[in-house]
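Asks: for reference, the sequence and a predicted model appear below.
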Amino acid sequence: MSDQRNHPLISFFSGGIAGVTAKSAVAPLERVKILFQIKSELYSLDSVYSSIKKIINKEGFKGLWRGNTATITRVFPYAAVQFLSYETIKKNIINNNTPLNNFIAGSSAGGIAVLCTYPLDLLRARLAIEVQDQYTRIHHLFRDTIAKDGFKGAYRGIQPTLIGILPYGGISFSTFEYLKKYAPYNCKDEKGQLIPSYKLMAGGIAGGLAQTASYPFDVVRRRMQTHGFGDGKVEINLEHNSFKTIYNILRNEGIGALYKGLSINYVKVIPTTSIAFYTYELCSGILKGL
């Protein structure tokens, strides 16, 4: 290894830490978003504040973080693989740092990370809507999922996830890189480094744009993952592909259903992406300096 400071493990661990930090910070909003998407019967959600209040009343304060253990279990390897893949593709396959190349690298990294960690995402979504405390351990749920639906059941909803992550990963990474590259002079310190507040803002913008483009596939993914489980009562034909499902949602429920929970997601995604990108660069800088 010629340069210890560019060791792949730095990207891997920095990405994992960044993902866990960001997701844990917004876990309550993530749970409310999923309950919105699946049209929860038990909570009859109408606003973020009232939804959080109802969850606390029914399940206690810890209910806001229901499923977060599964989230952390999934997010660390997901974010680690995603950032490692992005840096590897950008440095070794795509050498020209252009917006298009960064988009391709970001999309590819997102796809690789999804394929590696998708079953954990499915389990996290199901734990988030489990209100009867039937499952207290993630491995119990995984065991029952495999027993009932086979190995392919652990990948239910993978198609819309992959389709959605391509624009999401591409837009988020390329936008963040673009905003860093063309940052105003007054957003840099005396050493020429970007100030933390600008990095946080750039990450938030990147996440907001990426989520807007890919959100309908996130709705389809959650409905497929939670169909027939817990509080997931929305009717959906699992034989349809993602685009056919989107068409049916448009026809039967209107365009608003494809963006149900998006306002919550903006509140969640902007700080999540901001924290993730900022924490990644902070951790990378610290580890490279060791």
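Replies: Okay, I see it.
Asks: quick one: the helices in the stretch 51-200 of the chain?
Replies: 68-92, 99-129, 138-149, 158-181, 196-226 (DSSP state H, counting those that start in this stretch).
Asks: residues in contact with the third one: which ones?
Replies: Just to be clear, that refers to helix 138-149. 69-70, 73, 119, 122-123, 126-127, 130, 135, 153-154, 156 (C-beta atoms under 8 Å, 6 or more residues apart in numbering). In this view, the C-beta of every residue, glycine as well, is placed from N, C-alpha and C.
Asks: report the buried members of the residues you listed.
Replies: Applying 16 or more other C-beta atoms under 10 Å to the contacts of helix 138-149, the neighbour count classes 70, 73, 119, 122-123, 126-127, 130, 135, 154, 156 as buried.
Asks: taking the residues you listed together, which two end up most distant?
Replies: Spatial extent of these (C-beta to C-beta) is set by the pair 73 and 156 at 18.3 Å.
Asks: in the protein, which helix or strand is least confident?
Replies: helix 138-149 (a mean of 75; mean pLDDT, DSSP states H and E).
Asks: relative orientation of it and helix 68-92 in degrees?
Replies: 80 degrees (axes from the mean of the first three to the mean of the last three C-alpha atoms, to 10 degrees).
Asks: so residue 12 sits against residue 82, correct?
Replies: No: using C-beta atoms under 8 Å, residue 12 is not in contact with residue 82; the gap is 10.0 Å.
Asks: have a look at the two and say which one is more surrounded.
Replies: Neighbours around residue 12 and residue 82, counted as other C-beta atoms under 10 Å, are more numerous at residue 82. The numbers are 32 against 20.
Asks: so what's the more buried one up against?
Replies: 15, 19, 109-110, 112-113, 169.
Asks: Serialize the helices of the stretch 51-200 of the chain to CSV and add fields for distance to residue 275.
Replies: Below are the helices of the stretch 51-200 of the chain laid out as CSV (distance: least, C-beta to C-beta, whole Å):
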stretch, distance to residue 275
helix 68-92, 11
helix 99-129, 18
helix 138-149, 24
helix 158-181, 13
helix 196-226, 7
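Asks: do you know which of the ones you listed lies nearest residue 265?
Replies: Across those (criterion: C-beta to C-beta), the nearest stretch is helix 196-226, sitting at 5.6 Å.
Asks: for the next helix-or-strand element following the closest one, which helices and strands make contact with it?
Replies: For helix 196-226, the following helix or strand on the C-terminal side (DSSP states H and E) is helix 242-253. If contacts are counted by 3 or more C-beta pairs under 8 Å, 6 or more residues apart in numbering; DSSP states H and E, helix 242-253 sits against helix 158-181, helix 196-226.
Asks: against residue 263, how distant is the closest residue to residue 257 other than its chain neighbours?
Replies: Spatial nearest neighbour of residue 257, excluding adjacent residues (C-beta to C-beta, 6 or more residues apart in numbering): residue 249 at 5.1 Å. Residue 249 is 18 Å from residue 263, where distance means C-beta to C-beta, to the nearest Å.
Asks: just for the stretch 151-290 of the chain, where's the confidence low?
Replies: Along the stretch 151-290 of the chain, the parts satisfying pLDDT under 70 run over 225-241, 290.
Asks: repeat that for 80
Replies: For the stretch 151-290 of the chain, applying pLDDT under 80 flags the ranges 151, 153, 157, 221-243, 261, 263-265, 267, 289-290.
Asks: residues contacting the residue nearest to residue 257?
Replies: 219-220, 257-258 are the contacts of residue 249 under C-beta under 8 Å, 6+ apart.
Asks: rewinding a little: dump the contacts of helix 138-149 to TSV, plus distance to residue 187.
Replies: Listed next are these as TSV, based on distance: C-beta to C-beta, whole Å:
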residue	distance to residue 187
69	37
70	37
73	36
119	41
122	40
123	40
126	42
127	40
130	44
135	47
153	48
154	44
156	44
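Asks: by pLDDT, give me the weakest of those residues.
Replies: Among these, residue 135 carries the weakest pLDDT, at 58.
Asks: what's the burial count for the closest residue to residue 90 other than its chain neighbours?
Replies: In this structure, residue 90 finds its nearest non-sequential neighbour in residue 105, 4.7 Å apart by C-beta to C-beta, 6+ apart. Neighbourhood size, residue 105 [other C-beta under 10 Å]: 25.
Asks: cool, and residue 256?
Replies: Count around residue 256 with other C-beta under 10 Å applied: 10.
Asks: ok, it to residue 202 distance?
Replies: As judged by C-beta to C-beta, residue 256 and residue 202 stand 30 Å apart.
Asks: what's the answer for residue 25, then?
Replies: 18 Å.
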